[in-house]
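Chemist: I'll drop the sequence and a predicted model, then ask my questions.
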Amino acid sequence: MLGCVKRIFLRITIRSFLLSQPDSPSLIFSALFKTSRMTEARQLLDLITRTADTLQELCADYPSTLNDPSHSEPTTSNDIKVQRLATTVSVAALQLAAIFEPPQISLLHVASGALKTAALRVCLEGNVTEILREAGPQGLHVREITAFNDLDPRTLARLLRYLASFHVYREVSPDTFTNNRVSTVMDTGKSVAELFRSPETKHDNTNGFPAFLSHQMDEISKAAAYSWEAITDPRYPSITPLEKALLSERDGEVGVKPADSSSFFDFLQRPEQAHRHRRFAIAMEGMAAIQPLDCLSRAYNWDSLPENALVVDVGGGVGTISLELAKQFPKLKFIVQDLPSFIEKGKALWAERQPETLESGRAILQAHDFFTPQPQENASIFLLRHVIHNWSDEDCIKILSLLRRAARDDTTLLILEIIMPYACRKESSDDTSKNTEIPGATAEEAPVPLLPNFGAGNEFAHVLDMTMFSILKGASERTIDQFSLLLLKSGWKVVKVNRLSGDAAMWQAIEAIPFAEIHRL
């Protein structure tokens with residue numbers, strides 16, 4: 001009820017604002033031309049024009065329409081320069097919109113994010129994209145769509161029209177919809193008959209990106225809704241929004257307390273969460289759809305390693321990263337370490353994709369808890385991809401210190417994580433940190449007048465950061481200064497950052513070497 005009151009109040013406020021404006025559009029724009037923001041607007045328009053021209057010269061067939069579902073890849077190009085140009089155009093357009101639309105409308109876009117998520121989840125779980133794919137480009141009326149998924153036609157029409165207004169799906173005639181370039185990204189590639197015959201295996205043998213979206217719109221979305229309640233709960237000051245959401249689902253039972261577990265991964269181990277565990281494992285593979293795995297070849301100078309050098313993939317899940325590395329660099333050996341449930345799934349994956357690597361012993365999948373002493377003391381590389389962001393500073397220091405104790409003098413620690421860029425320009429900072437002197441540590445800034453961190457073009461980093469906040473105690477994405485401090489406290493020193501796929505990449509590669517002597521256990 002309170003949410004409805006707030007929405008009504010916001011609607012009245014927006015209407016009053018619009019009614020207070022001059023009646024003539026020419027007067028509005030005349031006033032805008034006299035302000036500094038019109039100068040910024042003209043800078044943005046010029047930047048968009050120049051960048052789009054360059055983009056067309058470099059990539060004439062770059063997707064130029066939303067209505068062609070054949071251009072549906074989440075990552076539009078492996079060319080770093082093309083990616084940067086495309087990001088610049090899109091970010092400049094968003095900033096331009098923020099200048100011209102009333103600030104109340106800008107806030108409404110942010111505040112209504114949960115509603116868009118709700119609409120999108122219905123379509124994803126209801127297999128709407130696959131139904132429309134089989135219908136063909138002419139589209140399908142909502143009555144025909146709901147004949148497959150048993151949803152209410154009027155409700156589905158409202159949700160689809162909402163999404164189509166934000167360029168997800170396309171309404172080709174009243175209540176008739178079809179896919180576009182954006183909605184096609186949710187396609188599992190499976191037949192509609194198979195999806196409804198076996199819903200529990202919907203994400204099996206897919207690229208994993210629809211599973212990632214489903215994961216985000218299920219437990220992450222539910223957790224985020226309880227952020228305020230979690231951070232203001234005096235009884236449990238360290239409760240996560242996810243735990244708060246789970247308690248709420250139990251109808252506020254008297255005496256119910258947060259789970260003893262402090263880890264989302266322990267939550268996934270519960271028998272009743274088997275479906276989420278299965279989806280999560282596939283979703284982690286889907287991350288590759290956002291940043292291609294061929295970036296790995298540039299994450300480190302792998303050719304500099306000697307024959308049979310050992311790469312230990314710590315917390316490597318099912319071994320997706322090591323699979324790719326093993327294929328590209330056949331002279332290297334690999335050990336993938338994670339909890340037993342992930343290792344079992346990993347063995348099945350490797351047996352399917354690279355059985356000869358397993359059979360030869362060049363790759364070993366090993367059950368290991370990285371909060372216990374590291375058994376591999378002959379590693380050339382300790383590799384951690386998307387591990388550090390899952391843990392608090394205290395836990396990270398434990399993990400990294402255990403690796404330091406097992407490291408040789410020439411062992412390299414390679415951390416693949418997002419490095420959060422600051423939203424201010426370098427010249428505005430009074431920071432005296434030496435980290436800016438580390439090669440690759442500082443991201444290239446976006447051109448003026450864009451935000452230096454590319455603003456919304458770097459949203460994925462913030463999405464993951466908020467995801468960490470929502471489901472894990474003390475977890476976060478980190479800046480280069482925060483990484484450097486963690487590593488120094490653990491006996492490592494950052495020596496280099498290999499930046500991959502532009503500054504808005506899903507992860508960068510941080511190289512560290514042993515720095516301080518740590519007594520071996």
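Modeler: Ah, there it is. All values derive from a computational prediction rather than experimental measurement.

Chemist: Which elements pack onto the longest helix that the chain contains?
Modeler: Determined from DSSP state H, the single longest helix within the chain is helix 36-58. Packed against helix 36-58 by the contact rule (3 or more CB pairs under 8 Å, 6 or more residues apart in numbering; DSSP states H and E) you find helix 80-100. In short, each C-beta sits where N, CA and C put it, glycine included.

Chemist: Could you list the buried residues of the helix it packs on?
Modeler: Using 16 or more other CB atoms under 10 Å as the test for burial, helix 80-100 gives 80, 82-96, 98.

Chemist: And stretch 443-458, by the same measure?
Modeler: 443, 445-446, 449-458.

Chemist: In helices, which of those residues appear?
Modeler: Reading helices off those, I find no matches (DSSP H).

Chemist: could those go into TSV alongside distance to P306?
Modeler: Listed next are these as TSV, based on distance: CB to CB, whole Å:
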residue	distance to P306
A443	33
E445	39
A446	41
P449	50
L450	44
L451	44
P452	41
N453	39
F454	39
G455	44
A456	44
G457	40
N458	38
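
Chemist: re the thing from before, tell me how far the longest helix of the chain is from the chain's mean position?
Modeler: Relative to its chain's centre, helix 36-58 lies at 28 Å (CA atoms, centre = their mean, to the nearest Å).

Chemist: just stretch 478-496 next, same as before
Modeler: The chain centroid and the centroid of stretch 478-496 are separated by 23 Å, computed with CA atoms, centre = their mean.

Chemist: what does stretch 137-146 contact?
Modeler: By CB atoms under 8 Å, 6 or more residues apart in numbering, the residues outside stretch 137-146 that reach it are 128, 131-132, 135, 151-154, 156-157, 160, 170, 172-173, 175-178.

Chemist: now the strands for the stretch 201-350 of the chain?
Modeler: 310-314, 333-338 (DSSP state E, counting those that start in this stretch).

Chemist: Max pairwise distance over the buried residues of stretch 443-458: which two?
Modeler: Taking CB to CB, the two most distant members of the buried residues of stretch 443-458 are A443 and P449; they sit 17.7 Å apart.

Chemist: K331: what's it in contact with?
Modeler: L305, E307, N308, A309.

Chemist: Can you say which of the residues you listed are buried?
Modeler: L305, A309.

Chemist: that older thread, wait, which of the strands of the stretch 201-350 of the chain is closest to R276?
Modeler: strand 333-338 (17.1 Å).

Chemist: Give the rounded mean pLDDT of the closest one.
Modeler: For strand 333-338, mean pLDDT rounds to 98.

Chemist: How about stretch 490-503?
Modeler: pLDDT averaged over stretch 490-503 gives 84.

Chemist: what's the answer for stretch 445-453, then?
Modeler: 88.

Chemist: And the contacts of that stretch?
Modeler: Among residues not part of stretch 445-453, those counted as contacts by CB under 8 Å, 6+ apart are 40, 43-44, 47, 88, 91-92, 95, 421-426, 443, 454-455, 457, 503.

Chemist: can you give me the end-to-end distance of that stretch?
Modeler: Stretch 445-453 has an end-to-end distance of 6 Å (CA to CA, to the nearest Å).

Chemist: and C59, how many neighbours does it have?
Modeler: 16 (other CB atoms under 10 Å).

Chemist: ok, now S191?
Modeler: Neighbour tally, S191, other CB under 10 Å: 12.

Chemist: still on that earlier bit, out of the buried residues of stretch 443-458, which is nearest to L108?
Modeler: Looking across the buried residues of stretch 443-458 and measuring by CB to CB, the closest to L108 is A456, at 15.8 Å.
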